[in-house]
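Trainee: Predicted coordinates and the sequence they were generated for:
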2 protein chains.
Amino acid sequence: MNDSGENGEKKRSRRPPQERTTQRDPERTRAAILEAATREFAENGMGGARVDAIAERAGTNKRMLYHYFGDKEQLYLRVLEEAYVGIRTAERALHIGDRSPEEGIGELALFTWRYFLQHPEFLSLLGTENLHRARWLRQSVRLKELHSHLIGELSQVLEQGKKQGVFIETADPLHVYLTIASLGYFYLSNQYTLSTIFGRDLIEPTHLNAWERHIVHVTLASIKR
Amino acid sequence: MNDSGENGEKKRSRRPPQERTTQRDPERTRAAILEAATREFAENGMGGARVDAIAERAGTNKRMLYHYFGDKEQLYLRVLEEAYVGIRTAERALHIGDRSPEEGIGELALFTWRYFLQHPEFLSLLGTENLHRARWLRQSVRLKELHSHLIGELSQVLEQGKKQGVFIETADPLHVYLTIASLGYFYLSNQYTLSTIFGRDLIEPTHLNAWERHIVHVTLASIKR
DNA sequence: CCATCAAGTAACTGTTTAGTTACCGGCTCG
DNA sequence: CGAGCCGGTAACTAAACAGTTACTTGATGG
């Protein structure tokens, strides 16, 4: 490229002042990148996210990002994995089997709705990943076993309800979970187009509360005898 | 097709042979661009879609695309508008008020599910548009009035059902539509991540049929007295 | 007390991309 | 018939982008 020439004894003096309080902290830098990447990917999708923007948001630069995560795709996969771990971990803490079957299902529905409401970035990441037909998620080994627990626990609650005669015999655990997730996901992730075409602001607290009650009502109505 | 002589007398001769059967047809070119754009935007989102790819898919080139549609954003909005017009037009042809209220709602649920199933590009476009918080749809004037008809007709059917004593008094038209749309949208648009994490191929005909029955069952169970 | 290594910075590079320009040729209407 | 318009082509350009390189700084164990 270029050598010293005029301005100094060293080979290349590209270095400006550097005012930054440079406290070194690998863990913090790593975490900052992950959090910044979560927001950037959630807001812009995989294709729209900018590596420069992630580095800037994290208060660091691209070099560190590539150092810790390899490349954009690997960083994205880490973000996605962490998002799944987040919801499944919170879900486990519910212990839906501790109450009556009806209460247990109602509680799972409430939890799912509220988690979606408080974590819009999770919904957004799911949307992006599905646009790409789970291209990155499929490569993840960590995620597969994380979900058998959910279906297992839900299955037990349903069985108990059937024995007690409160649930119909055809109730299926996967269907029940998909019903709950559908009603929460669609309402929130599509709120912008829906609010526009129907001329009603779906994110208003009144409407949010009404939909919360609706989800519990629909879920239970579909499995009660 | 080909000119004569030396071909070097003009100022600048950038022109290679040109073998194409150049039949001029503005309407066809326009339609081809729109269809190609629909596929490209659906597959890659607004950020991931490539203008060059659209032109190539349409069997034309970028110049024509900019000539007919202005720029990438305007083309995208046209694609989105056409997609909405498509589903709402097909929906109107149903005339859900012609049968019994229960049959009418069931039919709307079936129609919506099957339309989603046959038009994956529509679901994908909705996802992209919501990622961007309806940024482009909000600019559309054409779309607003298109949706009042749907809610109006649905409202009438529900009222009739309430009078006949088959539906509960609290049934709300927007909620009923959102329920139907939720169950179809989530299952299909998230099929890739869901199939991956639950280890079950949701697109298999057996599962599709089961979910179709489930949607009708849930919808009616949630409003029947 | 210095050799070494990890954390960090910013400028650079090759490629891709949206959008533009220079040019071509068939059809129609005066 | 011929002028000019409109549908069409391909090469060009400026900007943006993912990923790399050249280099600096601070801490620490021998």
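Mentor: Arrived safely.

Trainee: Next, work out how far apart A:Met64 and DNA strand D are.
Mentor: Applying CB to the nearest atom of the strand, to the nearest Å, the value for A:Met64 to DNA strand D is 9 Å. All C-beta atoms are positioned from the backbone trio N, CA, C, and that covers glycine.

Trainee: A:Thr219 too?
Mentor: Separation of A:Thr219 from DNA strand D (CB to the nearest atom of the strand) stands at 40 Å.

Trainee: what's A:Val85 in contact with, if anything?
Mentor: A:142, A:146 (CB atoms under 8 Å, 6 or more residues apart in numbering or on different chains).

Trainee: need the next SSE after the helix or strand hosting it, C-terminal direction.
Mentor: Assigned by DSSP states H and E, A:Val85 belongs to helix A:72-92. Counting by DSSP H and E, the next helix or strand C-terminal to helix A:72-92 is helix A:101-118.

Trainee: For that next one, name the packing helices and strands.
Mentor: Taking 3 or more CB pairs under 8 Å, 6 or more residues apart in numbering or on different chains; DSSP states H and E as the contact definition, the neighbouring helices and strands of helix A:101-118 are helix A:72-92, helix A:120-131, helix A:148-163, helix A:173-189, helix A:205-223.

Trainee: Need the contact partners of it.
Mentor: Counting by CB under 8 Å, 6+ apart, A:87, A:90-91, A:94, A:96-99, A:122-123, A:154, A:157-158, A:160-161, A:164, A:166-167, A:176-177, A:180-181, A:183-185, A:188, A:208, A:211-212, A:215-216, A:219-220, A:223-224 sit against helix A:101-118.

Trainee: related to what we said a few turns ago, could the helices and strands packed on helix A:101-118 be laid out in TSV, adding mean pLDDT?
Mentor: Written out in TSV, the entries for the helices and strands packed on helix A:101-118 read as follows (pLDDT from 0 to 100):
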stretch	mean pLDDT
helix A:72-92	95
helix A:120-131	97
helix A:148-163	96
helix A:173-189	98
helix A:205-223	98
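
Trainee: a markdown table for these, including distance to A:Ala31?
Mentor: As requested, these are exported to a markdown table (distance: least, CB to CB, whole Å):
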| stretch | distance to A:Ala31 |
| --- | --- |
| helix A:72-92 | 10 |
| helix A:120-131 | 15 |
| helix A:148-163 | 26 |
| helix A:173-189 | 26 |
| helix A:205-223 | 31 |
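
Trainee: Can you get me a residue count around the nearest residue to A:Tyr68 once chain neighbours are set aside?
Mentor: Residue nearest to A:Tyr68 in three dimensions, not counting chain neighbours: A:Arg30, with 5.2 Å by CB to CB, 6 or more residues apart in numbering or on different chains. If you count neighbours by other CB atoms under 10 Å in any protein chain shown, A:Arg30 ends up with 17.

Trainee: Identify each buried residue in the helix holding A:Val85, please.
Mentor: Using 16 or more other CB atoms under 10 Å in any protein chain shown as the test for burial, helix A:72-92 gives A:72, A:75-81, A:83-84, A:87, A:91.
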